[in-house]
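Engineer: Pasted the sequence and its predicted model underneath.
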Amino acid sequence: MTFLLGSGYEMDAAFDHFLKDRKNVEILFNHMNDGLMITNHKREIIIVNPAFEQITGYTRAEAKGKDPSFLASGKTPRTVYNDMWRNIDRIGSWTGELINKRKDGELFWSYITVTEIKQPREEDHYYIGILRDETSRKHQEERLTFLAFHDSLTQLPNRVHFRNSLELALEDAKKTAQKIAVLFLDLDRFKKINDVFGHGAGDQVLVELSKRLKTVAKNKAFVSRFAGDEFTMFVRYEEDDALETLVNELFDAIHVPFLVKEQFFYLTMSIGVSRFPEDGIDVDSLLKNADSAMYEIKSEGKNNFRFYKEGMSEKMVDTLSLESELVDAIKNQELEVYYQVQINLETGKPHGVEALVRWNHPKRGVLPPIVFLPLAEELNLLAYIDEFVLKEAIRQGKTWHDSGLDQLKMSVNISKAFFQQEDFLSIVNRAIEETEMDSSLLSLEVTENMAVLQLQEIRDKLLALKEKGIKVSLDDFGTGYSSLNQLNYFPIDTLKIDQSFVRGNSTKEKEAIINLIIAMAKSLDVSVICEGVETEKQLELIKEKGCNYAQGYLFSKPVPASECETMLLDLNT
């Protein structure tokens, strides 16, 4: 016996038991939101409802006679199907999730309940399957899971994901005697990018950097964005040489210029490395020690890497204690100005000196600025220290001029914090007036990064200095964000090529940059000073390129005034 259900659904006689009230069943069948399919005892589909057609894309005619497995995507584990039929055979029903495939090939998640309806005769048995499309919910769950373990900006694994993954890797390494290294990476001077271009540009840099780190890591290392501009990696390795190769690849990746708002600039990175099991056997100790190694290299000049050594963690804690001691140092007049000679490359005679601050710590000895100036900046003491150095340098410069070194230039670094003070110009003018120093022999060094902030205000201040005869030098040139137009806009007398382009082995890229900067300087009719000259070979290179002046350890380290004076007199003879 056959009959019709609704608009054209042909039923087998076996389902006469099921259809007691045809009208109610018809309403339910045709209007329910869940897909419904019914098979005979041979698991051949004999009827589906409109919701099934909408969910799967198959019409009732296309589905009729097929085994429901025609929807299978191949993505559901075989164990799930085995479990399904075991439960149906044992208790007559199963509920679970299957990954199925629509007619157009799109995968979808099905939340399915299959129930076997047994009848006296086996050939009258049938199965009812009710399926709900859970794809949207699944995607939402996957998205929430992804966000819980990934950084929303860079899409890299986040701190939680990194720690969990490292924990699993360490458990495995303890069983297999593998070595694991943890790398802590921190961008140098990233805060200046946000200050100059805004946080949107900073985010753009982080996204680009993340892509480069992923390319280097590939399948050999696990990389994450740990926080802010800090990134972490862990990698399984056999020899330290492999780690150094990885680190060099990271440096190569980051040293490629970044393009932000139509300007190219260079970034550097400091990397600390700790190793399992030598430097720690758990996640916390390895991260802490890698972090300590990273801070160690930052304190020594940045743009390098360092393996963890015992005692570094204690040293970092010790460095933090300097904050309170620095406040006392200013009160107790423990700061002193050292001077580094600048040589005229044409004559070989002293051209000038650069004033550099040192801290005569009563217990730790003489501390370089890299140790305490970052702390001073955090404590808002940087402008105060700059003012002290300026006044002392002008006083010392006047003394040297009166003693016969009457053409010696005095260069003084000016921080952004000091430059932006409302009374900056009056402080400079008063210091010159009180000592009666020749203002044309004073050169104030501003950083390239500061020279792109509040352009008109900075230009006005620099022009005011120029009206007094004071020279202006652009420091660390080549590492920041200046354009040729901005250099032309500012009244600059000297460009100082950053020591990173001179120090170390010469490369074609470094030589090209030096050539470009010197050519730019000549086009603007300004002089050039190269910093960081340490070898005769480096000296020959910059002389060949047309550099005017140089300073570096080849000539002299920064020394106290009395020692510098002796050196100046010797060089002048």
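Structural biologist: Received it, and whenever you're ready, just let me know what you need. Numbers count the residues shown, from 1 in each chain.
Engineer: And the contacts of the lengthiest helix in the chain?
Structural biologist: For the chain, the helix that runs over the most residues, judged by DSSP state H, is helix 382-402. Applying CB atoms under 8 Å, 6 or more residues apart in numbering, the contact partners of helix 382-402 are 330, 335, 337, 339, 355-357, 373, 376, 408, 410, 412-415, 417-418, 421, 427-428, 431-432, 435-438, 441-442, 561, 565, 568. Every C-beta, even on glycine, is put in place using the N, C-alpha and C of the backbone.
Engineer: can we see that at 7 Å?
Structural biologist: 330, 335, 337, 355, 357, 373, 376, 408, 410, 412, 414-415, 417-418, 421, 427-428, 431-432, 435-438, 441-442, 561, 565 (CB atoms under 7 Å, 6 or more residues apart in numbering).
Engineer: do stretch 524-535 as well
Structural biologist: 342, 487-488, 492-499, 502-503, 517-518, 521, 539, 542, 547-554.
Engineer: Of the contacts of helix 382-402, just the buried ones, PyMOL syntax please.
Structural biologist: Selection of buried members from the contacts of helix 382-402 for PyMOL, criterion 16 or more other CB atoms under 10 Å:
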select buried, resi 330+335+337+355+357+373+376+408+410+412+414+415+417+418+427+428+431+432+435+437+441+442+561+565
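Engineer: Filter the contacts of helix 382-402 down to just the ones in strands.
Structural biologist: L335, V337, A355, V357, M410, V412, L442 (DSSP state E).
Engineer: Show me what the helix or strand harbouring T115 is packed up against.
Structural biologist: In this assignment (DSSP states H and E), T115 forms part of strand 107-117. Under the contact definition 3 or more CB pairs under 7 Å, 6 or more residues apart in numbering; DSSP states H and E, strand 107-117 sits against helix 78-91, strand 93-101, strand 126-133, helix 135-149.
Engineer: out of those, deepest packed?
Structural biologist: Highest mean neighbour count of the helices and strands packed on strand 107-117: strand 126-133, a mean of 20 (counted as mean count of other CB atoms under 10 Å).
Engineer: For that one, what does the pLDDT average out to?
Structural biologist: The average pLDDT within strand 126-133 is 93.
Engineer: then that strand to CSV, C-alphas only?
Structural biologist: Coordinates of each C-alpha in strand 126-133 appear next as CSV, following Å, rounded to 0.1, in the frame of the first residue of the first chain:
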residue,chain,number,x,y,z
TYR,A,126,12.8,2.0,9.5
TYR,A,127,15.2,4.7,10.7
ILE,A,128,14.4,8.3,11.4
GLY,A,129,17.3,10.8,11.2
ILE,A,130,16.9,14.3,12.4
LEU,A,131,19.8,16.7,11.6
ARG,A,132,20.5,20.3,12.6
ASP,A,133,23.0,22.5,10.7
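Engineer: and the nearest residue to D282 once chain neighbours are set aside, what is it in contact with?
Structural biologist: Spatial nearest neighbour of D282, chain neighbours left out: L170 (7.0 Å); criterion: CB to CB, 6 or more residues apart in numbering. With contacts defined as CB under 7 Å, 6+ apart, L170 is in contact with I180, F276, D282, V283.
Engineer: Which of the contacts of stretch 524-535 fall in strands?
Structural biologist: Per DSSP E, the subset of the contacts of stretch 524-535 in strands is Q342, T494, L495, K496, I497, Y549, A550.
Engineer: Count residues in the vicinity of the first one, would you?
Structural biologist: Q342 is flanked by 27 other residues according to other CB atoms under 10 Å.
Engineer: Mind pulling up the pLDDT for it?
Structural biologist: 96.
Engineer: what's the answer for the fifth one, then?
Structural biologist: Looking at I497, its pLDDT reads 82.
Engineer: What is the neighbour count of V283?
Structural biologist: 19.
Engineer: Correct me if wrong: it contacts N164.
Structural biologist: No: V283 lies out of contact with N164 (CB atoms under 7 Å); the separation is 9.0 Å.
Engineer: hang on, the earlier thing: now do the longest helix of the chain against strand 409-413, angle only.
Structural biologist: 170 degrees (axes from the mean of the first three to the mean of the last three CA atoms, to 10 degrees).
Engineer: Okay, buried residues for helix 382-402 please.
Structural biologist: For helix 382-402, by 16+ other CB under 10 Å, it's 382-383, 385-394, 396-398, 400-401.
Engineer: So what's the gap between that helix and the chain middle?
Structural biologist: Mean-position distance between helix 382-402 and its chain equals 38 Å (CA atoms, centre = their mean, to the nearest Å).
Engineer: can you pull the contacts of the residue sitting nearest the centre point of the chain?
Structural biologist: In the chain, the residue lying closest to the centroid (CA atoms, centre = their mean) is D229, at 3.9 Å. Each residue near D229 by CB under 7 Å, 6+ apart is listed here: D186, L187, F190, L206.
Engineer: Roughly how far does it sit from T268?
Structural biologist: 12 Å (CB to CB, to the nearest Å).
Engineer: and what of D525?
Structural biologist: Separation of D525 from T268 (CB to CB): 31 Å.
Engineer: and what of S556?
Structural biologist: Taking CB to CB, one finds S556 at 26 Å from T268.
Engineer: for the host helix or strand of D252, packing partners?
Structural biologist: If you go by DSSP H and E, D252 is part of helix 240-254. When contacts are defined as 3+ CB pairs under 7 Å, 6+ apart, helix 240-254 sits against helix 199-217, strand 268-276.
Engineer: Please identify the deepest-packed of the ones you listed.
Structural biologist: Among the helices and strands packed on helix 240-254, the stretch with the highest mean neighbour count (mean count of other CB under 10 Å) is strand 268-276, at a mean of 23.
Engineer: Next, the angle helix 199-217 makes with that strand.
Structural biologist: Put simply, strand 268-276 runs at 50 degrees to helix 199-217, going by the same axes, to 10 degrees.
Engineer: now what about strand 268-276, what contacts it?
Structural biologist: Strand 268-276 is contacted by residues 170, 173, 179-188, 243, 247, 250, 254, 280, 286, 289-294, 296-298, 302-308 when judged by CB under 7 Å, 6+ apart.
Engineer: Now intersect those with the helices, please.
Structural biologist: 170, 173, 243, 247, 250, 254, 286, 289-294, 296-298.
Engineer: Weed out the non-buried ones from these.
Structural biologist: 170, 173, 243, 247, 250, 254, 286, 289-294, 296-298.
Engineer: Of the residues you listed, which is the nearest to T215?
Structural biologist: L250 (10.3 Å; CB to CB).
Engineer: Return the set of residues that bridge with the residue nearest to E354 when sequence neighbours are not counted.
Structural biologist: Spatially, and ignoring its direct neighbours in sequence, E354 is nearest to S411 (4.4 Å; CB to CB, 6+ apart). Note on S411: beta-bridge partners by DSSP bridges are E354, S443.
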